[in-house]
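Student: I'd like to go over a predicted model; first the sequence, then the structure.
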Amino acid sequence: MLETITVLKVSALDLLVTEEFRTSAWVKTITDGLSMWVTDDPMPPGHFGTYFGALTRRTYPNRWVQDLYHLHECVHTRVTRFQPTATWTEWSRKMIQAEFEASIASECTAYLQIPGLREKTFPHEIWVDRFLGKKDLAAEPLLQHIRDERVRALNAPRFDDFLEHQIWNYCRQNIIWCRIWTQNVGYGPHAQLPAFRAVEAHMAASDRDASHEQWLASVTPTEGYVRVPFLHQADAFAPVYKRSGEDFGNSVLAR
Ligand SMILES: [Zn+2]
């Protein structure tokens, strides 16, 4: 028996539970023809399983927020091209840009494309609210304006604007994540390989699907009781993720 998490491959559309998402033409542009490796096994907080073919399925009290989460992960899979020969800087830029695209989709475009969605998600103000009332702009120019403003907030948040600091913080968190994934796997057959290189090589391989579970086991420690792929990366990132949530998470806004 393989000593790792259990994964299964599902169609991306099957991850979504609300009528609004399941019937949206825009959502279909993301989910059409896409399938995702998922797991229901416990994973450490913030462990980015989608990247290595093990998206943690989640249940949220709010079904629309749950769909936003799963859609965000689908965008990651949709836009990420695995390139084992890329340099670290090329790789980290790819990962940070993928997070930008996934966040634009799940935190901004979804509200422009799915009528009535905003009233169903967060009770507190969110960053995109400041743009949703701008009826003078057609959908495309508005989205471009939102993207431009997002980039500006990522680079230089307004000093008194907490919602922009949230966005800026996500970017810092991405960069820390990239650095953590530079560290070696640390055990098993890929012990001496930087974690991101182990992922890129496997995810680009022609036999990826057939070898996926075996590969996950090869990047899961066999010592101790914890069966989590890339355990060192998970352990290093969990406190960053927790701290980031405490300092900049939506829970701050809900008070
Ligand atoms: Zn993401």
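Tutor: Yep, that arrived. Residues are numbered from 1 along each chain as shown.
Student: how deep is residue 167 tucked in, by neighbour count?
Tutor: 21 (other C-beta atoms under 10 Å). Just so you know, the C-beta spots here come from the backbone N, C-alpha and C atoms, and that holds for glycine as well.
Student: which bits of the stretch 1-150 of the chain sit near the ion?
Tutor: 99, 102 (C-beta under 5 Å from the ion).
Student: switch to 8 Å and redo it
Tutor: Within the stretch 1-150 of the chain, the positions adjacent to the ion are 48, 50, 72, 73, 75, 76, 98, 99, 102, 103 by C-beta under 8 Å from the ion.
Student: give the other helices and strands that the one helix or strand residue 96 maps to contacts.
Tutor: Using DSSP states H and E, residue 96 maps to helix 88-104. In this structure, helix 88-104 packs against helix 63-79, helix 139-155, helix 162-180, helix 195-203, with contacts taken as 3 or more C-beta pairs under 8 Å, 6 or more residues apart in numbering; DSSP states H and E.
Student: pLDDT value on the most centrally placed residue in the chain, please?
Tutor: What sits nearest the mean C-alpha location of the chain, by C-alpha atoms, centre = their mean, is residue 73, with 4.7 Å. With respect to pLDDT, residue 73 scores 98.
Student: which ones are touching it?
Tutor: Contacts were defined as C-beta atoms under 8 Å, 6 or more residues apart in numbering; by that measure residue 73 touches 15, 36, 50, 55, 102.
Student: equivalent analysis for residue 54, please.
Tutor: 5, 7, 37, 38, 39, 43, 216, 229.
Student: is the first one in a helix, a strand, or coil?
Tutor: On the three-state scheme (DSSP: H, G, I helix; E, B strand; the rest coil), residue 5 is labelled coil.
Student: wait, isn't it in contact with residue 216?
Tutor: Yes: if you go by C-beta atoms under 8 Å, residue 5 and residue 216 touch, sitting 6.7 Å apart.
Student: who touches both of the two?
Tutor: The contact lists of residue 5 and residue 216 share 54, 229, where a contact means C-beta under 8 Å, 6+ apart.
Student: between those two, who's got more neighbours?
Tutor: Remark: of residue 5 and residue 216, residue 216 carries more neighbours, 26 against 20, as counted by other C-beta under 10 Å.
Student: and the residue of the stretch 51-200 of the chain that's closest to the ion?
Tutor: residue 102 (4.4 Å; C-beta to the ion).
Student: hmm, back to that, next, format the contacts of residue 73 as TSV and append neighbour count and secondary structure.
Tutor: Formatted as TSV, those follow (neighbours: other C-beta atoms under 10 Å; DSSP: H, G, I helix; E, B strand; the rest coil):
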residue	neighbour count	secondary structure
15	23	helix
36	24	strand
50	22	helix
55	25	strand
102	22	helix
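Student: quick one on the thing from earlier: for residue 10, see how far away the residue nearest to the centre of the chain is.
Tutor: 12 Å (C-beta to C-beta, to the nearest Å).
Student: any idea of the mean pLDDT for the host helix or strand of residue 232?
Tutor: Assigning secondary structure by DSSP H and E places residue 232 in helix 231-248. For helix 231-248, mean pLDDT is 94.
Student: I am finished for the moment; much appreciated.
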